[in-house]
Each structure stands twice: as C-alpha cells, then as structure tokens.
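*Asks:* Give me a 3D structure for the following:
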Amino acid sequence: MPLLEIKPTKKLNVLCRLEESIALQVDQYAAFANAPADEVVNKALEYTFAKDAEFQKYRSQNPTAPVALRVKKPAAPVAGKRRGRKPAAMAAD
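*Replies:* Residues are numbered from 1 along each chain as shown. Just a heads-up that it's a prediction; the model follows:
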C-alpha cells in the first residue's frame, strides 16, 4: 500500500526543475500508487511541510513571506481559430 494518500484538488500550473533521478522516482511512485505524477509531488511536499516543525514556526512568524514560485499562466485561446479541425480544403485529402 502506498505511504501517500492521493486525492485530486484544485491545482496551479507551476514551473520547476527536478533532478533526473528524482523525476524517475516520481514516475515510479506514481505508477505504484496508480496516481498522476503531479499528485505524488503535491502529496510528498504536503507531507514534508507538515512534518517540519522549524518550517511551521517560520510560517507562523513570516505569514507574508515573498513567493518566488513561477506560476504558469494558461495560454489564451486564439480568436477565430478552431482547434482539432482541418480547413475544408484539407479535409478532402
């Protein structure tokens, strides 16, 4: 049975880089837990933050600490462009 309990929640798309060996282990754990890799990363961080007493103290003393995480904004749809369909002239090919 997996150590982490994975439940879907509201997510933000963020950009982060992982060491190759960690990325491989995330994929392996995701397969083991039958869950998406991003859920594994989310739960592992949640678990770590909850167990780190010094971090909890820091958070309570610095509730408005600056955030440096890069949030990826969703791409805006292109006006007038249809997705997934070929123009009529190409559809006959």
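*Asks:* How about the residue nearest the centre of the chain, nearest residue that isn't a chain neighbour?
*Replies:* Centroid-nearest residue in the chain, with CA atoms, centre = their mean: Asp38, separated by 4.3 Å. The shortest distance from Asp38 to any non-neighbouring residue, by CB to CB, 6 or more residues apart in numbering, is to Lys11 (7.0 Å). No exception for glycine: its C-beta is placed from N, CA and C like everyone else's.
*Asks:* And for Ala44?
*Replies:* In space, Ala44 is closest to Leu4, 6.5 Å off (CB to CB, 6+ apart).
*Asks:* which SS state does the one you found fall under?
*Replies:* Secondary structure for Leu4, judged by DSSP: H, G, I helix; E, B strand; the rest coil, is coil.
*Asks:* Tell me who's in contact with it.
*Replies:* Counting by CB atoms under 8 Å, 6 or more residues apart in numbering, Leu4 makes contact with 29, 33, 40, 43-44, 47.
*Asks:* got a list of contacts for the host helix or strand of the residue nearest to the centre of the chain?
*Replies:* Using DSSP states H and E, Asp38 falls within helix 37-51. Here helix 37-51 makes contact (CB under 8 Å, 6+ apart) with 4-6, 8-9, 11, 26-27, 29-30, 33, 55-56.
*Asks:* do the same with stretch 70-79
*Replies:* 12-16.
*Asks:* Run the chain-centre distance for that stretch.
*Replies:* Counting by CA atoms, centre = their mean, to the nearest Å, stretch 70-79 is centred 16 Å from the centre of its parent chain.
*Asks:* Break down the protein into its strands, ranges please.
*Replies:* 14-15, 70-71 (DSSP state E).
*Asks:* Can you tell me the strand partners of the last one and which way each runs?
*Replies:* Sheet pairing for strand 70-71, assigned by DSSP bridges, gives strand 14-15 (antiparallel).
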